[in-house]
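Peer 1: Got a predicted structure here, sequence first:
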Amino acid sequence: MVGFLRWFGELTFFVLNVFRATITPPFHFGELLRQMYEIGVRSLPLVVLAGAAIGVVLSLHSRDSLVRFGATSLVPVLIVMSVIKETGPIITALIVSGRVGAGIGAELGSMRVTEQIDAIEASAVDPVRLLAVTRVTACILMLPLLTIFANFSAIVMGWIANTVVDYISFTRYIDSGFRVVNFSDLLPSTFRTAAFGAIIGVIGCFQGMRTKGGTEGVGRSATSSVVLSSLFVIIADVLLVRIIQIIWG
């Protein structure tokens, strides 16, 4: 319990330092753009592939269930609503947590054990501002965009999987799927992934920058970054879904 409270206290101070460094100059825009490329563009193929797999699975399962009730016409609505409101955002966050969280934890952990972070501090550069703020900000900016691509991939592949069994034109599929979808469904579900991005970036940077124990510690930091960020993403998803339901009705 004491160890957990100490860890949570250190995390709280780290978050406050990141927030302070985010809103005060100087800003490292070059490093931010590099991290946006590393986190966003390099994660795009994996996210799109995961979205496509989810679309196919949802199409197969939903059709199999709705056939029993003679409601196959509801397959597009079920796919679109499931992807946009929950499946797309959470799958994207977990995929990025596994790829980016581990990468940040391992990268900053190796920089800590090889004393590169100490060298940055000796150069009168704030390592939190240079290393943590840029990565956290990139995660916050890229997660909603990646979610949009994942949603698009899932919806298109859901149509393809459905068409293989029972042909339906893409125009009719989209019209049917988005007939009951509005901005109150799309915007909160998509932009809540910015909170997931903040969690992934903060946990990865925090675990990496407090690494101890040489190369073995780097491995522990990478593993703990993935486990903790995934856990906190799931917890945050539960809380945010309830908050969105209260605010948006």
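Peer 2: Alright, I've got the coordinates.
Peer 1: Next, the contact list for the spatially most central residue of the chain, please.
Peer 2: Nearest to the geometric centre of the chain sits Ala93, at 2.5 Å (C-alpha atoms, centre = their mean). Contacts here follow C-beta atoms under 8 Å, 6 or more residues apart in numbering; on that basis Ala93 touches 143, 147, 193, 196-197, 200, 233, 237. Heads up, the C-betas are built off the backbone N, CA and C, glycines and all.
Peer 1: try 6 Å this time
Peer 2: Taking C-beta atoms under 6 Å, 6 or more residues apart in numbering as the definition of contact, the neighbours of Ala93 are 193, 196, 233.
Peer 1: next one: Phe191
Peer 2: Residues in contact with Phe191 (C-beta under 6 Å, 6+ apart) are Pro144.
Peer 1: go with 10 Å
Peer 2: By C-beta atoms under 10 Å, 6 or more residues apart in numbering, the contact list for Phe191 reads 89, 143-144, 147, 244.
Peer 1: Give me the pLDDT for it.
Peer 2: Reading off the per-residue confidence, Phe191 sits at a pLDDT of 86.
Peer 1: Relative to Phe14, how far out is it?
Peer 2: As for Phe191, its distance to Phe14 is 24 Å (criterion: C-beta to C-beta, to the nearest Å).
Peer 1: that older thread, tell me which entries of the contacts of Phe191 lie within helices.
Peer 2: The subset of those located in helices under the criterion DSSP state H comprises 89, 143-144, 147, 244.
Peer 1: Measure how far the helix or strand hosting Gln207 is from the centre of its chain, please.
Peer 2: Of the helices and strands defined by DSSP states H and E, Gln207 is found in helix 193-209. Remark: helix 193-209 is offset 10 Å from the chain centroid, using C-alpha atoms, centre = their mean, to the nearest Å.
Peer 1: which helices and strands does that helix pack with?
Peer 2: Using 3 or more C-beta pairs under 10 Å, 6 or more residues apart in numbering; DSSP states H and E, the elements in contact with helix 193-209 are helix 2-23, helix 88-96, helix 102-113, helix 134-165, helix 214-248.
Peer 1: For Ser189, grab phi and psi.
Peer 2: According to degrees, to the nearest 10, the main-chain angles of Ser189 amount to phi -70, psi -40.
Peer 1: Relative to Phe206, which of the contacts of Phe191 is nearest.
Peer 2: Of all these, Phe206 sits closest to Leu143, with 17.8 Å by C-beta to C-beta.
Peer 1: so which pair among the contacts of Phe191 is furthest apart in space?
Peer 2: Of all pairs drawn from these, the widest gap by C-beta to C-beta lies between Leu143 and Ile244 and measures 16.0 Å.
Peer 1: separation between the residue nearest to the centre of the chain and Asn182?
Peer 2: Using C-beta to C-beta, one obtains 23 Å as the distance from Ala93 to Asn182.
Peer 1: and what of Phe196?
Peer 2: Between Phe196 and Asn182 the distance is 23 Å, computed by C-beta to C-beta.
Peer 1: likewise Arg68?
Peer 2: From Arg68 over to Asn182 the distance is 29 Å, taken as C-beta to C-beta.
Peer 1: what do you get for Val18?
Peer 2: From Val18 across to Asn182, the span is 35 Å (C-beta to C-beta).
Peer 1: So in the chain, where's the weakest helix or strand by average pLDDT?
Peer 2: Of the helices and strands making up the chain, the lowest-confidence element is helix 183-191, at a mean of 81, by mean pLDDT, DSSP states H and E.
Peer 1: Now do that one against helix 134-165, angle only.
Peer 2: Comparing the axes of helix 183-191 and helix 134-165 via axes from the mean of the first three to the mean of the last three C-alpha atoms, to 10 degrees yields an angle of 130 degrees.
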